[in-house]
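Visitor: give me a model of this one.
(one chain, ligands or ions: 1)
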Amino acid sequence: MNILFKIVHDLVFFAWDASLTAVNVVTPKKKKGHVVPKGHPGFGGQWPEYVAPKEGDSRCACPALNALANHGILPHDGKNIQFKEMGRAVRATYNFSSTFCYFVPHYAAEMLGKSYGKDRIDLSELDLHNGIEHDASLIREDMALEPDQSKPHVGYITELLSSASGKDKETGETILTSKDVSKFSSKRRADAREYNKEFSLDFLHKMFGSIKERIPEGWETKVRQRLGVTLAEFNITVLGVEFGISEKKYLAEKKKAEEAAQSAGEGSGITAAPVTTEEAPQTGNLVDVE
Ligand code: HEM
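Guide: Residues are numbered from 1 along each chain as shown. Take a look at the predicted model:
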């Protein structure tokens, strides 16, 4: 892409995203039960059947994309997917904006040296290390310890979910808050830095970074913005999580707990970083992050 074209392309893109964000602010949210468009799988909470991936199917480190393939909203084998097709499926299922659904697959195409308009990919290709995939993910072991990034780590998922401290105001359901995610992320980063000798995380990857790969019957995303989550809105949420992350604070709390346990003559209440990867479960829930 020549430089001038890229500058104009980016300016138009960010102006488009800013306009959608402004429209979201001034328009009423979509009605509950009407977030997934009519005619799209999942309308009215009717999701196509979940079928676990079979040997040879392609999956990646993104739980949202894997769930789409597991329900056949994207091809079940996870192969030969157009970037636009990926964006369309994400948009309708999760209510993300046209800008987000253009930008992220477009970024992935560029990262893989492919044409956004013409080429197709297998989901596993997205796991290019330090492309979008990165160390210290919330629910995956680092690449150096688990080369198959499509395998979620049961221990991390359980730990993250059990840290959920929020309550949905309408349903009373327990939900993960941004603070919970920041706290767990602080632990993952500090632990990974300690035990993964090949640990690496740059700023961009710190910015991209909830859960299982099955959509529960009747589920609908809590994201109800009229035009879907824009890139600006997504970045504001992610920035909130990022600014709440403090490896220093986590390590200080860990040290304090260890000292307290030592003086009490017991083991620390905080367990050492898990170093093994367990089998991924075949079922689970998508979790809404506040
Ligand atoms: C539009 C296309 C998308 C692409 C190409 C994509 C790609 C990726 C990739 C490559 C990762 C791995 C990053 C890592 O190492 O942690 C990832 C992680 C993740 N993605 Fe996506 N993603 C997309 C859309 C979405 C959407 C719409 C959601 C939410 C509804 C989502 C939720 C997540 C989450 C929560 C993780 C982190 C998993 C972890 O920390 O272990 N993604 N995505």
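
Visitor: what strand or helix carries the nearest residue to Trp47 once chain neighbours are set aside?
Guide: Counting by C-beta to C-beta, 6 or more residues apart in numbering, Trp47 lies nearest to Ile215, which is 4.8 Å off, once chain neighbours are set aside. C-beta here means a position set from N, CA and C on the backbone, and glycine is covered the same way. Ile215 belongs to no helix or strand when assigned by DSSP states H and E.

Visitor: residues in contact with Ile215?
Guide: By C-beta atoms under 8 Å, 6 or more residues apart in numbering, the residues touching Ile215 are 42, 47, 50, 67, 71, 93, 286.

Visitor: what are the buried residues along the helix ranked longest in the chain?
Guide: Counting by DSSP state H, the longest helix found in the chain is helix 3-26. Applying a neighbour-count criterion of 16 or more other C-beta atoms under 10 Å, one finds 16-17, 20-21, 24 buried in helix 3-26.

Visitor: which single one of those residues is nearest to the ligand?
Guide: Among the buried residues of helix 3-26, Asp17 lies closest to the ligand (C-beta to the nearest ligand atom), at 14.2 Å.

Visitor: looks like that closest one contacts Phe96 (just checking).
Guide: No - checked against C-beta atoms under 8 Å, the pair Asp17 and Phe96 is beyond contact range at 11.5 Å.

Visitor: so how far is Ala67 from the residue nearest to Trp47?
Guide: 5 Å (C-beta to C-beta, to the nearest Å).

Visitor: and Ile73, how far from Lys79?
Guide: Going from Ile73 to Lys79 by C-beta to C-beta gives 15 Å.

Visitor: who's more crowded, those two?
Guide: A direct count of neighbours by other C-beta atoms under 10 Å for Ile73 and Lys79 places Ile73 higher, at 22 against 17.

Visitor: who's in contact with that one?
Guide: 41-42, 48, 89, 93.

Visitor: which of the three states applies to it?
Guide: Of the three states, Ile73 takes coil under DSSP: H, G, I helix; E, B strand; the rest coil.

Visitor: where does the chain dip in pLDDT?
Guide: Across the chain, the ranges flagged by pLDDT under 70 are 1, 133, 195-212, 266-290.

Visitor: any chance of a markdown table for the contacts of Ile215, columns distance to Gly113?
Guide: Formatted as a markdown table, these follow (distance: C-beta to C-beta, whole Å):
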| residue | distance to Gly113 |
| --- | --- |
| Gly42 | 33 |
| Trp47 | 34 |
| Tyr50 | 33 |
| Ala67 | 27 |
| His71 | 30 |
| Thr93 | 28 |
| Leu286 | 31 |
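
Visitor: out of those, which touch the ligand?
Guide: For the ligand, no contacts are drawn from the contacts of Ile215 by C-beta under 6 Å from any ligand atom.

Visitor: quick one: which of those residues is most hemmed in?
Guide: Counting by other C-beta under 10 Å, top hit in the contacts of Ile215: Thr93 with 25 neighbours.

Visitor: my read: that residue touches Asn70, true?
Guide: No - with contacts counted by C-beta under 8 Å, Thr93 stays clear of Asn70, the gap being 12.0 Å.

Visitor: right, I'll call it a day here.
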